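Undergrad: build me a model from this:
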Amino acid sequence: MVSSRSFHSLESLSLADRVLFNQFSRGPNDVIPYQVVHHAFESIAAAHPDVTAVRHYDGTTITYRELNRRANVLANELRGRYGLRKGDRVVLVYSRCIEMVVFIFAVLKAGGQYVPLDGGIIPEETLGYDIADSNAPVVLCLPKFREKVLRSVPSERRDLVRVVDLDASSWLWKHGNNGHPGVIVKPEDGAYVIYTSGTTGRPKGVDVRHEGVTNTLLAEPSKLGIRVGKNVAQQLNVGFDMCAWEILGTMMNGGTLHIRGSGNDLWTDCLQRVDTVIATPSVVLKHMPRREDFPNIRTIAVGGEPCPLALAEQWAPYVKFWNVCGPTEISILNTAHLHKPGKTLSIGKPNPNTNVYILDEDENPVKIGEPGVMWAGGPGVSRGYLNLPELTAQRYKVDKFAKDGRMMFNTGDLARWLEDGSLEPLGRKDDQVKISGFRVELDGVSRAIEKCPGVVKGCALKIDDRLWGFYSAPAPIDQVQLKSVVGEGQPFYAVPTVWKYLPVIELTPNGKVDKRALRDIAAGTAETPPPLPLASIPTGMSTPPESSSASSIRTAVSPTSEGGFTLVDSRTFTVVDSQQRNIDLEKTAAFVEEETEKEEHEYELPSKKGFHGWRWIRHRGLNAYRKLFGIIFLSNLAVFVWMLWESRLSNFSLPLNHLATAVAANLLGAVLLRQDYVVNFIFWLCSRVPTSVPLAIRRHFARVYHNGGVHSGCAVSATVWWVIFTGAATGNFIAAQSRYSVNLLTLVLTYLVLLLLVMILVMAYPTIRAKMHDQFEWTHRFAGWSALALVWAHVIATAASMSAEPLGPALAKTPALYLVALTSLSVALPWMRLRRVKVVPEPLSKHAVRLHFDFCTPGPCTSRGVRITDRPMVEWHAFAAIPEPSGKGFSIVVSKAGDWTKRIIENPPTSLWTRGTPASGVLAVAPLFKKMVLVATGSGIGPCLPVLMERRVPARVVWSTKNPLKTYGQGVMDLIRKADPDALIWDTDERGRPDLVQLAYNVYKESGAECVAIISNGPTVNKFVYRMEARGIPAFGPIWDS
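TA: Alright, predicted model coming up:
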């Protein structure tokens, strides 16, 4: 029944349009039996207690009676033990399981509002933000996500947030209070909060009410005919609102929810058990390619992205095929269209008790049939965005047409009314451009291109004031035909004037068309993808491909002889029939990267090995660096004990000449381990171990970059020896012993050297070095040089005072002299190669510059760093040397990370100083492994590039950085993609900071790599390496000790 009450504020419309506005804009006026979500569920549990509520893919089931009982138990626990109050939000961190449904209804019964998050794919930073933004006092999770949750809780909320982990075997289900919680919940109370993807910034929490959910899911068509005996698939990502449609829509109406597993076989098994499917078109295209394989399906509802007409035509003759539309803010959906074969594919009419308005930019109604922005009103409109009052006020307005006190919401979608009162989608408002002064909706043009027979995927873009039409197809299509088809549904100015045929159109990781790649192709800066061996696609059967990995991948679709579809991966030109189901090409733009989700579920991060204290000792307290330090120090201690034993007959008077030799030997060791040529030799030697040697041995050789432990051990030992020497010399001076004669000059020099050595050690202490790095550098350099000069003076003075021989022969018999000479040579050698070199700067962005040099060419797969500066006596900075593709010279990438780098980026130099030779870095150990994963943040990608470019060691890339293309340029992106087409490049501007450990582990398992290496800042490297090594995964990262 449609209400006879007229809308207000229609003065701008003609009388005829007012009549149609009142007729079209209002959905049927239906009575909703329940206004609170769990009340509808409880009525089903009371009437049908023994009906199966949920079936897990492993065969486990739960009845409505048991589900209701467990929900009561947990609700009472949340209120009693954890103090949950009515209106509190509870963050749920889980993956697909029966407990997921229990958690949801327990929170609702307790009077709370649940916040669903997929624990397998959500980054820790985003999880922490959602916990803080929702002000949740309780986080309910599965045990496997407990550690992730604990790490994610913001420090300022750790005393306020309780983390509760439960699974199917938890004791609570048997021993908890199963009485009804008795909390009075009202229709206007919050049911759940859905956090949007946050691709334009921080995630936005949409506050959805009980009344909105019940209005949508307890009335047709959104109810989808679900009742007792109906089977519904649960396959979408658990953190999105269409998953709420799957779960709540089934539980509130008495159906049985079938939870799918990961992988094509388990997914297909789930779909072959159900009669109702809620999905995106991409999911149906990929997982249900042959209708004949799913005779059980009776109802399909698709949404979240444009539905290809061919898909609707394929299924509509045999099932109820619904094409729906509606953002999260309108409580899942606001319109639905039951498609009939041969008819226009629209998004339908307003749902019951729902109003839809097509308005202009001034929020006034447009003429019926003209395009405008779609607004939605009625009880389904959510309460707004959490903690974003300005955005809420911008998108939510008082409904001036209904004047019932409710709000209306600006969906941002463009649409127009058709003659039958249904809505034709025209894309997004932010896709509007002007061509020759006319306003053009690019998404509408893209859809028109896809109507041309044979076109698989279409995209329209405005480039340099011209409208381009890109399309993928098995073969080029005559432009006359393309223009004719597009011109049938678009005005003359919206028909592309430039056409570009592509065998495939690249997609972003989220499954959207990679418009940046298309613009590069149009500009001639990117190659056109090679043609594919595709069969011809018949008219009306073209289907849009979707991306299959975390990187941009080109795919196309072709029908098989049996009527199904063949998926073609253009990276390998391998054709795989959909019946084999051994690849995963689904990517859902509006929902989730299903491949990533699959990986997360398949490659669950293993538990750390051993107990906490032992793990710290093994991987941090006694890491390779500290082991080397300990070996050096204990060796010196053994020598000292031997000296004491030898001096027992002389009243433990230590021989000063031996003490001096010990000091000089340790000083030489400390300096040599910072000498570029020595470091390069050590790396070269250790990396000669063949890959046929067991990994357990090679991973130890790979820790050669911990050689700084020898440097530190020798430096500390030299200082301790000097302290002992000072004490012994002071005693001899006071006692005036003739055996080891010490004069005043020698004693003064001794104390001066001691002062300098102690000063160097103090400034080198890690916490002091990190806070005062510039002062550490100055002290290390100038105090070190001064101490070396004073040691020379000390050696000469000591030889003169302790020997009756002439000075020359005395010095010749002094071992310390030769050791100090080698030390001096090692210190001087890099400075002997100090020179000013030419630089060719290549500005990449306001945040980075690439500097090109030609004074040397690093060897292959050496991963060496070069030191540069504009003030040789003040500061030096090391950067990874990236070989030039031409084979001569190298370049470095400088990103903004301090005053010096900022100055270089803002005023790129034409010349700089360098010294010594490029020195090996941590990635010089790459040849030790058969395959590895390279993880980088920001400019840390620089040291990875030499390994990638050499291609001697197969490597996968995980790179997290801010706006990679804009910051580092197309050249760097091309180098990465060329070496690793599947590189996982995470844009922190769009997606926030990721859980690097989880991402790296996924790629590590997927690729079969032997190890993981990371280049990042000190804290990130330390945390990453520890978390990997604690799980038994070989991991390497630079040591920040200089």
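Undergrad: so residue 247 is in which element?
TA: helix 241-251 (DSSP states H and E).
Undergrad: now the helix or strand following that helix: mean pLDDT?
TA: Per DSSP H and E, the first helix or strand lying C-terminal to helix 241-251 is strand 256-259. Strand 256-259 shows a mean pLDDT of 97.
Undergrad: summarise which helices and strands strand 256-259 is packed against.
TA: strand 52-56, helix 98-109, strand 231-234, helix 241-251 (3 or more Cβ pairs under 8 Å, 6 or more residues apart in numbering; DSSP states H and E). All C-beta atoms are positioned from the backbone trio N, CA, C, and that covers glycine.
Undergrad: go again using 7 Å as the cut-off
TA: With contacts defined as 3 or more Cβ pairs under 7 Å, 6 or more residues apart in numbering; DSSP states H and E, the packing partners of strand 256-259 are strand 52-56, strand 231-234, helix 241-251.
Undergrad: any idea which of these is most buried?
TA: Ranked by mean neighbour count under mean count of other Cβ atoms under 10 Å, the helices and strands packed on strand 256-259 are led by helix 241-251, which reaches a mean of 26.
Undergrad: how many neighbours does residue 106 have?
TA: Other residues lying near residue 106 total 30 when counted by other Cβ atoms under 10 Å.
Undergrad: likewise residue 794?
TA: Residues lying near residue 794 (other Cβ under 10 Å) number 26.
Undergrad: ok, it to residue 802 distance?
TA: Residue 794 sits 12 Å away from residue 802, going by Cβ to Cβ, to the nearest Å.
Undergrad: could you do residue 62 as well?
TA: Plainly put, residue 62 is 89 Å away from residue 802 if you go by Cβ to Cβ.
Undergrad: again with residue 105
TA: Separation of residue 105 from residue 802 (Cβ to Cβ) stands at 89 Å.
Undergrad: so for the helix holding residue 247, mean pLDDT?
TA: For helix 241-251, mean pLDDT is 95.
Undergrad: now stretch 297-307
TA: Mean predicted confidence for stretch 297-307 is 90.
Undergrad: how about stretch 202-220?
TA: 94.
Undergrad: let's have the helices and strands packed on strand 256-259 in a markdown table, adding distance to residue 869.
TA: Formatted as a markdown table, the helices and strands packed on strand 256-259 follow (distance: least, Cβ to Cβ, whole Å):
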| stretch | distance to residue 869 |
| --- | --- |
| strand 52-56 | 62 |
| strand 231-234 | 60 |
| helix 241-251 | 55 |
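Undergrad: so which of these is nearest residue 137?
TA: Closest approach to residue 137 among the helices and strands packed on strand 256-259 is made by helix 241-251 (22.3 Å; Cβ to Cβ).
Undergrad: low pLDDT regions in the stretch 751-900 of the chain?
TA: Filtered on pLDDT under 70, the stretch 751-900 of the chain yields the residue ranges 803, 859-862, 886-887.
Undergrad: cutoff 80 now
TA: Residue ranges of the stretch 751-900 of the chain with pLDDT under 80: 770, 773-774, 800-805, 857-863, 884-887, 897-898.
Undergrad: show me where it has its strands.
TA: 835-838, 840-845, 848-853, 864-869, 877-880, 882-883, 890-895 (DSSP state E, counting those that start in this stretch).
Undergrad: what packs against the shortest one?
TA: Meaning strand 882-883. On a contact count with 3+ Cβ pairs under 7 Å, 6+ apart, strand 882-883 meets strand 890-895, helix 941-950.
Undergrad: before we move on, the earlier item: got the contact list for the helix holding residue 247?
TA: Helix 241-251 is contacted by residues 37, 41, 53, 101, 104, 192, 194, 213, 217, 223-224, 226, 232, 234, 236-237, 257, 278, 303-304, 328, 332, 591 when judged by Cβ atoms under 7 Å, 6 or more residues apart in numbering.
Undergrad: in strands, which of these appear?
TA: 53, 192, 194, 232, 234, 257, 278 (DSSP state E).
Undergrad: what's the closest of these to residue 910?
TA: Nearest to residue 910 among the ones in strands among the contacts of helix 241-251, with distances taken as Cβ to Cβ, is residue 194, at 53.7 Å.
Undergrad: so who does residue 762 touch?
TA: Residue 762 is in contact with residue 768, counting by Cβ under 7 Å, 6+ apart.
Undergrad: distance of it from residue 716?
TA: Separation of residue 762 from residue 716 (Cβ to Cβ): 12 Å.
Undergrad: same thing with residue 935?
TA: To residue 716, residue 935 is 32 Å away according to Cβ to Cβ.
Undergrad: ok, these two, which is more surrounded?
TA: Using other Cβ under 10 Å, the more surrounded residue of residue 935 and residue 716 is residue 935, with 31 against 19.
Undergrad: hang on, the more buried one in a strand?
TA: Yes. According to DSSP: H, G, I helix; E, B strand; the rest coil, residue 935 belongs to a strand.
Undergrad: hang on, it packs against residue 1009?
TA: No. Under the criterion of Cβ atoms under 7 Å, residue 935 makes no contact with residue 1009, lying 11.0 Å away.
Undergrad: just the element for residue 184, please.
TA: Short version, using DSSP H and E: residue 184 is in no helix or strand.
Undergrad: quick one on the thing from earlier: out of the ones in strands among the contacts of helix 241-251, which two sit at the greatest distance?
TA: The largest distance within those, taken as Cβ to Cβ, falls between 53 and 194 and amounts to 22.7 Å.
Undergrad: and the longest strand that the chain contains, average pLDDT?
TA: Longest strand of the chain, by residue count under DSSP E: strand 407-417. The average pLDDT within strand 407-417 is 93.
Undergrad: list the buried ones in it?
TA: By 16 or more other Cβ atoms under 10 Å, the buried positions in strand 407-417 come out as 407-411, 413-417.
Undergrad: and it, which strands flank it?
TA: Paired strands of strand 407-417, with direction, are strand 372-377 (antiparallel), strand 396-398 (antiparallel), strand 423-428 (antiparallel) (DSSP bridges).
Undergrad: just those: most buried one?
TA: strand 372-377 (a mean of 26).
Undergrad: turn the helices and strands packed on strand 882-883 into JSON lines, columns for mean neighbour count.
TA: Output for the helices and strands packed on strand 882-883, formatted as JSON lines (neighbours: other Cβ atoms under 10 Å):
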{"stretch": "strand 890-895", "mean neighbour count": "23"}
{"stretch": "helix 941-950", "mean neighbour count": "24"}
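Undergrad: among these, which is nearest residue 732?
TA: In terms of Cβ to Cβ, the element of the helices and strands packed on strand 882-883 nearest to residue 732 is helix 941-950, at 51.4 Å.
Undergrad: what's the angle from the helix or strand that the closest one is followed by to helix 941-950?
TA: Per DSSP H and E, the first helix or strand lying C-terminal to helix 941-950 is strand 955-961. Strand 955-961 runs at 150 degrees relative to helix 941-950, counting by axes from the mean of the first three to the mean of the last three Cα atoms, to 10 degrees.
Undergrad: and strand 955-961, what other elements does it pack with?
TA: Counting by 3+ Cβ pairs under 7 Å, 6+ apart, the packing neighbours recorded for strand 955-961 are strand 932-937, helix 941-950, helix 964-979, strand 984-987, helix 996-1007.
Undergrad: out of those, nearest to residue 156?
TA: Checking those against residue 156 by Cβ to Cβ gives helix 996-1007 as the closest, at 23.2 Å.
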